[in-house]
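Q: mind folding the following:
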Amino acid sequence: MMKRVTWFVGGALAGAAGAGVAKRKVKQTAAALRPDKLASGAAHRVGDAVREGRRAMRAKENELRARVAGAEPTSLADELEPDDTVLIDGEPVEPGKVLVLRQVRETTDAPVRRRRRA
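A: Residues are numbered from 1 along each chain as shown. Here you go, the predicted model:
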């Protein structure tokens, strides 16, 4: 008889604990799916996408300006001799693992206007 009581009490406790965990998970999910949370998350994702798009646009524009100016991009591996070593912070690295960026500045006399954020 004691075995049955023990198993019944154990099952009841496990069921109550499981129901409590499930209730907590449902409340967390419902709070995460509220309209204001969904809208703010979407706004952040859209903002990140716009920033990434602008960054890519600037990079492509700089590349095109460099091509127009006659400066074709070259590989560091093309400019090295077979026995040359590339060091970054005193550590040798493979030439194919190095990315060298050159900045191309516009030569216009017009002032650059920047937008102010409120």
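
Q: which of the residues in the biggest helix by length in the chain are buried?
A: The residue-count maximum for a helix in the chain (DSSP state H) belongs to helix 35-68. Going by neighbour count (16 or more other C-beta atoms under 10 Å), the buried part of helix 35-68 is residue 62. For glycine as for every other residue, the C-beta is placed from the backbone atoms N, C-alpha and C.

Q: any idea of the mean pLDDT in that helix?
A: Regarding helix 35-68, the rounded mean pLDDT is 88.

Q: show me how far that helix is from its chain's centre.
A: Mean-position distance between helix 35-68 and its chain equals 12 Å (C-alpha atoms, centre = their mean, to the nearest Å).

Q: other SSEs contacting that helix?
A: Packed against helix 35-68, as judged by 3 or more C-beta pairs under 8 Å, 6 or more residues apart in numbering; DSSP states H and E, are no other helices or strands.

Q: contacts only, for residue 33.
A: By C-beta atoms under 8 Å, 6 or more residues apart in numbering, the contact list for residue 33 is empty.

Q: separation between it and residue 47?
A: 21 Å (C-beta to C-beta, to the nearest Å).

Q: and for residue 62?
A: 23 Å.

Q: what's the answer for residue 7, then?
A: Residue 7 is 56 Å from residue 47, by C-beta to C-beta.

Q: one more: residue 31?
A: Residue 31 is 23 Å from residue 47, by C-beta to C-beta.

Q: also residue 10?
A: 52 Å.

Q: repeat for residue 84
A: Applying C-beta to C-beta to residue 84 and residue 47 gives a distance of 44 Å.

Q: quick check, residue 81 in a helix?
A: No: under DSSP: H, G, I helix; E, B strand; the rest coil, residue 81 falls outside any helix and is assigned coil.

Q: ok, it - how many residues close by?
A: By other C-beta atoms under 10 Å, 5 other residues sit near residue 81.

Q: can you check the one 10 residues further on too?
A: Summarising burial for residue 91: neighbours were counted as other C-beta under 10 Å, giving 7.

Q: who's in contact with residue 37?
A: residue 31.
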